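Participant: The sequence isn't on hand, but the structure is:
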């Protein structure tokens, strides 16, 4: 026969066990509530405002959040990024044609533009911003400071990866990654692409548009020495940067420093227009102040940034990083 005291102790243990299990379940429920749909709850608690015409994105922090007068003064959300037929005004053309010598009159430009859009699609790309989208982009420059960085896996983790001109990945995957979404080039820097990579032409003259037609139709003779007359690329993934975008970057972002912006810096600004989070890699000189590509040997210590305002561009990237508009990985 059980003693009454033992029975009471047994009941207490049972009650304590039930209370303990109930407490654990309550904690688990609270943790579930705290971690479920975190981003949507943030939107409800913290009001977010984006630049006019753009909805907030689904990232923790969006490039276009309207929280910095310095940024909003320079960033034009209404600007056309990619060229479509008959969207370049004659006034903008006059600025653009002075970038390089040999440009023809506006009717010649219109003829070249018309031929481009007889071949290549005009649909909008990458402009599908929404409150649910969180598009992360890596802008990968060609600086030697990428060597030894081991940034490759981090770069490849992004949704969109942007590379420039004759950038190489084979043999450098550990430092620069091996994926490419957008490859920016102009005729003098053209390379073959795989069937899944977008070719983004940055045009500096009418001849560049004629070259774009020529590499598909072979109907225009390109006489420039060293110019790649044909390029392997997916015709359905070809886009042309709007010439007015070059002027916008030169005036709004560089305050007219240099003759015109570099393809790399224009890529950084383009990324801020089409992406929600931007990370920048491979920009700037090496530790000795030399400007060279990561796959090249240094032969000329006086090699600089040509007609571009390299110093001003670098300062702008640093400023954007300071203001948390992009992440800047400066290499080693």
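Facilitator: Perfect, I can see it now. Please read all numbers here as calculations on a predicted model, not as lab measurements.

Participant: Could you give the separation of the helix or strand containing residue 279 from the chain centroid?
Facilitator: Secondary structure assigned from DSSP states H and E places residue 279 in strand 277-281. With Cα atoms, centre = their mean, to the nearest Å as the basis, the distance from the averaged C-alpha position of strand 277-281 to the chain average is 7 Å.

Participant: Show me the contact partners of it.
Facilitator: Residues from elsewhere that reach strand 277-281 (Cβ atoms under 8 Å, 6 or more residues apart in numbering): 59, 61-63, 134-141, 146, 149, 151, 154-155, 158, 176, 268, 271-272, 317, 321, 325-329, 331. (C-beta placed from N, C-alpha, C; glycine too.)

Participant: Which stretches in the protein count as strands?
Facilitator: When secondary structure is read from DSSP state E, the chain shows strands at 136-140, 160-164, 182-185, 198-201, 238-240, 277-281, 327-329.

Participant: can you give me the end-to-end distance of stretch 81-88?
Facilitator: According to Cα to Cα, to the nearest Å, stretch 81-88 extends 11 Å from its N-terminal end residue to its C-terminal end residue.

Participant: Can you list the buried residues in that stretch?
Facilitator: By neighbour count, and taking 16 or more other Cβ atoms under 10 Å as the criterion, the buried residues in stretch 81-88 are 81-83, 88.

Participant: same thing with stretch 132-140?
Facilitator: Neighbour-count burial for stretch 132-140 flags 133-140 (criterion: 16+ other Cβ under 10 Å).

Participant: Show me the shaky parts of the stretch 201-332 of the chain.
Facilitator: For the stretch 201-332 of the chain, the stretches flagged by pLDDT under 70 are 217-226, 298-310, 332.

Participant: Residue 280 bridge partners, please.
Facilitator: Residues in a beta bridge with residue 280, per DSSP bridges, are residue 139, residue 328.

Participant: ok, now how distant is it from residue 323?
Facilitator: For residue 280, the distance to residue 323 (Cβ to Cβ, to the nearest Å) stands at 13 Å.

Participant: and what of residue 281?
Facilitator: Between residue 281 and residue 323 the computed distance is 19 Å (Cβ to Cβ).

Participant: and what of residue 92?
Facilitator: Plainly put, residue 92 is 29 Å away from residue 323 if you go by Cβ to Cβ.

Participant: Give me the more crowded residue out of those two.
Facilitator: Legend: neighbour count by other Cβ atoms under 10 Å for residue 92 and residue 323, higher for residue 92 (17 against 12).

Participant: Next, the contact list for the closest residue in space to the more buried one that isn't next to it in sequence, please.
Facilitator: Setting aside the residues directly before and after it, residue 92 is nearest to residue 244 in space (Cβ to Cβ, 6 or more residues apart in numbering), at 4.5 Å. Applying Cβ under 8 Å, 6+ apart to residue 244 gives the contacts 79-80, 88-89, 92, 96.

Participant: try 7 Å this time
Facilitator: Listed by Cβ atoms under 7 Å, 6 or more residues apart in numbering, the contact set of residue 244 reads 80, 88, 92.

Participant: Flag the least confident of the residues you listed.
Facilitator: Minimum pLDDT for the contacts of residue 244 is recorded at residue 80 (89).

Participant: what's stretch 145-154 in contact with?
Facilitator: Residues contacting stretch 145-154 (Cβ under 7 Å, 6+ apart): 173-177, 281-282, 284, 286, 294, 329-332.
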